[in-house]
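**Q** coords please:
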Amino acid sequence: MTCDRLVCANCAAPVSEGRCPVCRASRERLQQQEGVFAGLTPATLVALLVALVAVAILARGFAG
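**A** Got it, this is the predicted structure:
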């Protein structure tokens, strides 16, 4: 999740602007929560899933 569209309940400004301490704390917390897959697009995730399924099918074919 990004803070681009979030609105602060404290000052009613966009969180991305960081106008008040609550905005700045929320923005910092969101930036720290970005994980390994945060930058991936849905299309990339689907492609990775398809590749994983193909590898599983190939591994099953070689095992049996």
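
**Q** What ranges in the chain fall below the confidence cut-off?
**A** Along the chain, the parts satisfying pLDDT under 70 run over 1-3, 33-37, 64.

**Q** any idea how far Ala59 is from Leu45?
**A** For Ala59, the distance to Leu45 equals 21 Å [C-beta to C-beta, to the nearest Å]. Quick note: C-beta positions are derived from backbone N, CA and C, even for glycine.

**Q** so how far is the one helix or strand Leu48 maps to off the chain centroid?
**A** Here Leu48, judged by DSSP states H and E, is contained in helix 42-63. In terms of C-alpha atoms, centre = their mean, to the nearest Å, the centre of helix 42-63 is found 22 Å from the chain centre.

**Q** Same check on stretch 20-38?
**A** Its chain's C-alpha centre lies 12 Å from the corresponding centre of stretch 20-38 when counted by C-alpha atoms, centre = their mean.

**Q** Just the buried residues of that stretch, please?
**A** Using 16 or more other C-beta atoms under 10 Å as the test for burial, stretch 20-38 gives 23, 26-27.

**Q** Secondary structure and distance to Val7 for these - can I get that in CSV?
**A** Listed next are the buried residues of stretch 20-38 as CSV, based on DSSP: H, G, I helix; E, B strand; the rest coil; distance: C-beta to C-beta, whole Å:
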residue, secondary structure, distance to Val7
Cys23, helix, 9
Ser26, helix, 11
Arg27, helix, 12
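
**Q** okay, which residue is most central for this structure?
**A** Residue closest to the mean C-alpha point of the chain, counted by C-alpha atoms, centre = their mean, is Ala38 at 3.2 Å.

**Q** Helix, strand or coil: sort out it for me.
**A** Under DSSP: H, G, I helix; E, B strand; the rest coil, the three-state class of Ala38 is coil.
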